[in-house]
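Asks: Return a 3D structure for these sequence lines:
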Amino acid sequence: MMPAGTDRAYTNFDRMAERYGVDRTTSAKWSREEEFPDLLFTEGQGGLHVYDAEDVDDWVRDHHFGSWFRSRQDKDHPLALPKGGPRDLLSLRQIGELEGQALNRPPTPIATLRTYLSPSKRVLPPADRTPGDGLQPAVSEPMWFRETAYTYICRPRRTRRTTPAEARRPSGKKPAPKQRADGALLDLDLPGGADTDLLTLQEIGELDGKARGRGKATTVGTLKNYLSQKLLAKADRTPGDGLEP
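Replies: A predicted model of the protein is given here:
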């Protein structure tokens with residue numbers, strides 16, 4: 001039974017399903033995934049499973065970013081961005097830092113943001129202020145209004161639905177963290193292909209380097225470092241896993 005006189009927010013599988021736009025079966029399956037918050041108590045004749053709502057929200061953000069992001073789309077500053085005046089001026093570096101903070105990942109590199117300014121992408125609008133534009137205060141580099149930057153950061157992002165192959169993944173196999181794939185990566189010019197195509201670390205590095213306009217591949221050593229820091233999801237397939245091919 002929920003304790004009386006507490007402001008702690010609670011949730012259950014039905015509430016999770018409604019909040020994150022999934023069905024109840026999916027929200028129940030989440031509870032069997034790695035690092036899901038501990039069950040607080042059961043309630044009612046049917047043994048309703050009750051969890052801490054804030055802990056669950058943090059977990060969904062880390063493990064099913066697409067669902068978490070969609071649940072925030074209709075809120076002001078849905079990604080917990082700091083408040084400020086709409087005409088505050090922000091540099092590319094500051095925008096990258098805010099986006100990283102909002103999406104729970106490293107800052108978006110300035111070089112990446114510059115590619116978003118290109119006519120072929122137009123993901124990030126042109127700067128609101130530029131050096132020598134005759135406005136006050138004078139700026140020494142391109143700057144964006146806070147409202148422009150926040151519109152960019154809070155833009156709708158494409159999310160990848162679970163594929164049949166992923167649905168058949170063994171229960172002990174942890175899915176790729178959505179925050180690493182559904183945000184900035186899907187804004188890059190990546191080649192088409194099936195969601196279940198298999199890529200080696202070397203191939204991932206070549207695609208990453210090309211998509212980000214670096215002129216060279218991201219090294220396997222760097223990607224292994226990302227694995228150790230949990231910035232890159234664990235491999236979906238490993239030798240001897242018993243799966244085909």
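
Asks: Double-check residue 55 against residue 36; I have them as touching.
Replies: No - judged on C-beta atoms under 8 Å, residue 55 makes no contact with residue 36 at a distance of 9.0 Å. The way it works is simple: take the backbone N, C-alpha and C, and place the C-beta from them, glycine included.

Asks: Just checking, which helix or strand succeeds the biggest strand by length in the chain along the chain?
Replies: Of all the elements of type strand in the chain, the one with the most residues (DSSP state E) is strand 48-52. Next in sequence after strand 48-52, counting helices and strands by DSSP states H and E, comes helix 53-63.

Asks: got the contact list for that following helix?
Replies: By C-beta atoms under 8 Å, 6 or more residues apart in numbering, the surrounding residues in contact with helix 53-63 are 9-11, 15-16, 20, 30, 33-37, 67-68, 71, 104, 175, 177-179.

Asks: Show the subsequent helix or strand relative to it.
Replies: As assigned by DSSP H and E, the chain's next helix or strand after helix 53-63 is helix 65-72.

Asks: and the angle for that following helix with helix 53-63?
Replies: 130 degrees (axes from the mean of the first three to the mean of the last three C-alpha atoms, to 10 degrees).

Asks: And helix 65-72, what does it pack against?
Replies: Counting contacts by 3 or more C-beta pairs under 8 Å, 6 or more residues apart in numbering; DSSP states H and E, helix 65-72 packs against helix 13-20, helix 53-63, helix 178-181.

Asks: Flag every buried residue along it.
Replies: Of the residues in helix 65-72, 65-71 count as buried by neighbour count, 16 or more other C-beta atoms under 10 Å.

Asks: now, which of these sits nearest residue 208?
Replies: Within the buried residues of helix 65-72, the smallest distance to residue 208 is 18.7 Å, found for residue 65 (C-beta to C-beta).

Asks: For the chain, which helix or strand comes out least confident on mean pLDDT?
Replies: None of the helices or strands of the chain scores lower by mean pLDDT, DSSP states H and E than helix 178-181, at a mean of 38.

Asks: Pull out the buried positions in whatever helix or strand comes next after that helix.
Replies: Past helix 178-181, further along toward the C-terminus, the next helix or strand under DSSP H and E is helix 201-211. By neighbour count on 16+ other C-beta under 10 Å, the buried set for helix 201-211 is 201, 204-205, 207-211.

Asks: pretty sure residue 105 contacts residue 231?
Replies: Yes - the pair formed by residue 105 and residue 231 meets the contact definition of C-beta under 8 Å, at 7.2 Å.

Asks: between the two, which one's more packed in?
Replies: residue 105 (16 against 13; other C-beta atoms under 10 Å).

Asks: does that one count as helix, strand or coil?
Replies: coil (DSSP: H, G, I helix; E, B strand; the rest coil).

Asks: Next: the one 3 residues further on.
Replies: Residue 108 carries the three-state label coil when classified by three-state DSSP.

Asks: Check what pLDDT it gets.
Replies: You'll see residue 108 listed with a pLDDT of 91.

Asks: who are the neighbours in contact with the residue lying closest to it once chain neighbours are set aside?
Replies: Nearest residue to residue 108, sequence neighbours excluded (C-beta to C-beta, 6 or more residues apart in numbering): residue 96, at 4.0 Å. Applying C-beta under 8 Å, 6+ apart, we find residue 96 in contact with 107-110, 112-113.
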